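In: Sequence unavailable; structure follows:
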Ligand SMILES: Nc1ncnc2c1ncn2[C@@H]1O[C@H](COP(=O)(O)OP(=O)(O)OP(=O)(O)O)[C@@H](O)[C@H]1O
Ligand SMILES: [Mg+2]
């Protein structure tokens with residue numbers, strides 16, 4: 001099990017819905033190895049972002065364990081979560097999450113201490129070189145999405161989590177972005193989990209899971 005990057009064990013998460021308690025994740029298990037690109041599909045509201053946020057230590061489960069590279073991180077005190085997130089996880093959020101006061105290139109150079117040449121290289125690969133000195137407010141949704149992808153690649157994170165990375169992109173750019181994730185995973189032996197509604201990019205994933213009634217099933 002040495003090359004297991006993410007191991008989610010028996011994860012339960014429920015939300016209070018008025019009087020009732022709604023179970024969103026019902027004893028979910030998920031293992032992702034180095035070099036593996038996993039896609040998760042399922043209807044809106046079924047709990048895909050919830051699962052990804054728990055994997056990325058943005059949200060704690062009601063019960064269950066999360067291991068990153070063999071370490072049971074869910075057992076660590078909350079104040080250690082930030083550092084683990086920063087070191088081990090590159091997150092591409094459904095809503096981008098770029099810092100408004102940093103130019104696109106600075107999102108990598110300032111936050112991740114990435115050198116100028118690497119920033120150039122990554123922006124070049126994603127065809128967004130012209131955005132390096134641009135602020136997020138002056139970019140389109142799709143442009144911001146590609147900067148967020150570049151930022152996830154720029155970290156040395158073992159695990160890349162992408163919540164609908166093609167949502168604001170046209171089909172050609174969307175496919176290109178997912179091809180980049182696939183290449184990053186295979187070339188640098190990282191692990192990635194992508195949530196998507198976009199059936200046209202599913203062929204790029206190594207494994208596809210369907211989320212239904214709080215469970216994950218391999219399809
Ligand atoms: N903080 C919260 N409090 C209460 N309910 C929540 C909260 N966050 C999410 N939910 C509920 O949990 C369910 C799963 O939400 P989640 O965002 O994980 O869905 P999703 O599968 O990512 O959907 P989409 O495809 O639309 O992004 C939804 O029904 C949502 O209303
Ligand atoms: Mg979602």
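Out: Cool, the structure landed. Given the structure is predicted, the values throughout are model-derived calculations rather than measurements. Ligands and ions are numbered 1, 2, ... in the order given.

In: beta partners of the residue at minimal distance from the centre of the chain?
Out: Nearest to the geometric centre of the chain sits residue 161, at 1.5 Å (Cα atoms, centre = their mean). Beta-bridge pairing of residue 161 under DSSP bridges involves residue 91, residue 193.

In: what's next to the longest helix that the chain contains, contact-wise?
Out: Identified as the longest helix of the chain according to DSSP state H is helix 171-188. Applying Cβ atoms under 8 Å, 6 or more residues apart in numbering, the external contacts of helix 171-188 come out as 35-37, 125-127, 142, 145-146, 149, 153, 160, 162, 165-166, 169, 190-192, 194, 196, 198, 200-201, 204-205. Backbone N, C-alpha and C define where each C-beta goes, glycine included.

In: In contact with the residue nearest to the centre of the chain, which residues are there?
Out: 52, 55-56, 89-92, 192-194.

In: If we use 10 Å, what do you get?
Out: 6, 32, 51-53, 55-58, 89-93, 152, 191-195 (Cβ atoms under 10 Å, 6 or more residues apart in numbering).

In: now do residue 163
Out: Here residue 163 is in contact with 40, 48-49, 51-53, 56, 91-95, 193-196 (Cβ under 10 Å, 6+ apart).

In: And for residue 113?
Out: 154-155.

In: I'd like to know how far it sits from residue 100.
Out: Distance of residue 113 to residue 100, computed by Cβ to Cβ, to the nearest Å: 20 Å.

In: same deal with residue 7?
Out: For residue 7, the distance to residue 100 - Cβ to Cβ - is 35 Å.

In: and this protein, which of its residues are near ligand 1?
Out: 15, 24, 42, 44-50 (Cβ under 6 Å from any ligand atom).

In: Go ahead and build a ChimeraX selection from the buried members of the residues you listed.
Out: Selection of buried members from the residues of the chain next to ligand 1 for ChimeraX, criterion 16 or more other Cβ atoms under 10 Å:
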select :24,42,46,47,48,49,50
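
In: In strands, which of the residues of the chain next to ligand 1 appear?
Out: Among those, the members found in strands (DSSP state E) are 15, 24.

In: residues contacting residue 215?
Out: Here residue 215 is in contact with 25-29, 42, 46-47, 209 (Cβ under 10 Å, 6+ apart).

In: make it 7 Å
Out: Listed by Cβ atoms under 7 Å, 6 or more residues apart in numbering, the contact set of residue 215 reads 26, 28.

In: Of residue 7 and residue 100, give the one with the bigger neighbour count.
Out: residue 7 (20 against 7; other Cβ atoms under 10 Å).

In: ok, for that one, nearest residue in space, not its chain neighbours?
Out: residue 67 (4.0 Å; Cβ to Cβ, 6 or more residues apart in numbering).

In: Could you list the low-confidence segments of this protein?
Out: For the chain, applying pLDDT under 70 flags the ranges 1-2, 96.

In: all strands of it, in order?
Out: For the chain, applying DSSP E gives strands covering 4-17, 20-33, 37-41, 63-68, 71-72, 89-92, 159-163, 191-195, 207-212, 215-218.

In: and the third one, which strands flank it?
Out: Right, strand 37-41. Paired neighbours of strand 37-41 in the sheet (DSSP bridges): strand 191-195 (parallel), strand 207-212 (parallel).

In: mind putting these in a markdown table, mean neighbour count included?
Out: Formatted as a markdown table, the strands paired with strand 37-41 follow (neighbours: other Cβ atoms under 10 Å):
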| stretch | mean neighbour count |
| --- | --- |
| strand 191-195 | 27 |
| strand 207-212 | 18 |
